[in-house]
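S.K.: Turn this into a structure:
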Amino acid sequence: MLLRQLERIGRAEKIDRIVVATSHEVSDDLLEEVIGAAGYTVYRGNLDNVLDRFYGSVKSLDDDSIAHVVRLTGDCPLVDPQIIDRVIESHLQQGNDYTSNVLEPTWPDGLDVEVMTLKTLYRAHAEASLPSELEHVTSYIYTHPDSFRIGLVKQADDLSAMRWTVDEPEDLNFVESVYERLYSDNPNFGMQHILDLLEGEPHLSVVNDNFERNEGLKKSLKADKAKSNVNQSS
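M.R.: Predicted structure coming up:
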């Protein structure tokens, strides 16, 4: 699944290089082996502190020419390279510190793109401390809008109720159905091809339409509250 996603990301015209940031847990040894054998750079870091892992993956490149970083999570095998390019272009044109299509979502869940300046990433890494900020990488940035220039990328049609990410077995069933129908004839299929498919076969998306968007973030926010209560009591 991840190899298919990397294949799609590689078609984005405004992406210069790709680094897969995974954990240093033994359970991810096979992932590093497979991804590395396919020719991709792999960085391994902290399992729970994903912000530190993301930061470390950029630092490991040791490249002073890097000015902007794109974040794409590994559970989005239907990510659309044209949307990636659109968010990057908006980010650069507007001169934002952070730009995304997720804060006020209008695309299906699973086509998420976040772009930030390297300076913004470094500041978030230095200042973030809450569990949600460490696990969800960009949380510190968009929860401090007075400190960063934040840009939103939206489309006219609100398709945010559609679920194209893979967090549950039912999600994988949906994605497999899409690939089975589209990939062999057109490996470059994009969002519109999927929408056309679902218009003809609406039953495909029923298998995973009972899950809530951003469930993981909501769990982390509860952890923030618990940490705050402990600090207050002490």
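S.K.: would you list every one of the helices in the chain?
M.R.: With helices called from DSSP state H, the chain shows them at 2-9, 29-37, 50-59, 81-94, 118-127, 131-135, 139-142, 169-182, 191-200, 215-233.
S.K.: Redo these as JSON lines? Include distance to T106 and mean neighbour count.
M.R.: Where you see a C-beta, it was placed from the backbone N, CA and C, and this is true even at glycine. Listed next are the helices of the chain as JSON lines, based on distance: least, Cβ to Cβ, whole Å; neighbours: other Cβ atoms under 10 Å:
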{"stretch": "helix 2-9", "distance to T106": "20", "mean neighbour count": "17"}
{"stretch": "helix 29-37", "distance to T106": "31", "mean neighbour count": "13"}
{"stretch": "helix 50-59", "distance to T106": "25", "mean neighbour count": "19"}
{"stretch": "helix 81-94", "distance to T106": "11", "mean neighbour count": "18"}
{"stretch": "helix 118-127", "distance to T106": "23", "mean neighbour count": "17"}
{"stretch": "helix 131-135", "distance to T106": "23", "mean neighbour count": "21"}
{"stretch": "helix 139-142", "distance to T106": "16", "mean neighbour count": "21"}
{"stretch": "helix 169-182", "distance to T106": "20", "mean neighbour count": "16"}
{"stretch": "helix 191-200", "distance to T106": "12", "mean neighbour count": "14"}
{"stretch": "helix 215-233", "distance to T106": "18", "mean neighbour count": "12"}
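S.K.: Quickly, which of the ones you listed bottoms out on average pLDDT?
M.R.: Mean pLDDT is lowest for helix 215-233 out of the helices of the chain, coming in at a mean of 51.
S.K.: returning to that earlier point: out of the helices of the chain, nearest to V19?
M.R.: Ranking the helices of the chain by proximity to V19 (Cβ to Cβ) places helix 50-59 first, at 4.8 Å.
S.K.: I'd like to know which of the helices of the chain lies nearest to D158.
M.R.: Of the helices of the chain, nearest to D158 by Cβ to Cβ is helix 191-200, at 13.1 Å.
S.K.: quick one: that closest one to helix 81-94, angle?
M.R.: Helix 191-200 runs at 130 degrees relative to helix 81-94, counting by axes from the mean of the first three to the mean of the last three Cα atoms, to 10 degrees.
S.K.: just checking, what packs against helix 191-200?
M.R.: Secondary-structure packing of helix 191-200 (3 or more Cβ pairs under 8 Å, 6 or more residues apart in numbering; DSSP states H and E): helix 169-182.
S.K.: Make CSV from the helices of the chain and add distance to R71 to it.
M.R.: Listed next are those as CSV, based on distance: least, Cβ to Cβ, whole Å:
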stretch, distance to R71
helix 2-9, 11
helix 29-37, 17
helix 50-59, 7
helix 81-94, 11
helix 118-127, 9
helix 131-135, 13
helix 139-142, 10
helix 169-182, 20
helix 191-200, 19
helix 215-233, 14
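S.K.: Tell me the predicted confidence for the residue lying closest to L198 once chain neighbours are set aside.
M.R.: In space, and not counting its chain neighbours, L198 is closest to S205: 5.6 Å by Cβ to Cβ, 6 or more residues apart in numbering. pLDDT for S205: 87.
S.K.: pretty sure S205 contacts S177?
M.R.: No - applying Cβ atoms under 8 Å as the test, S205 and S177 come out as separate, 9.1 Å apart.
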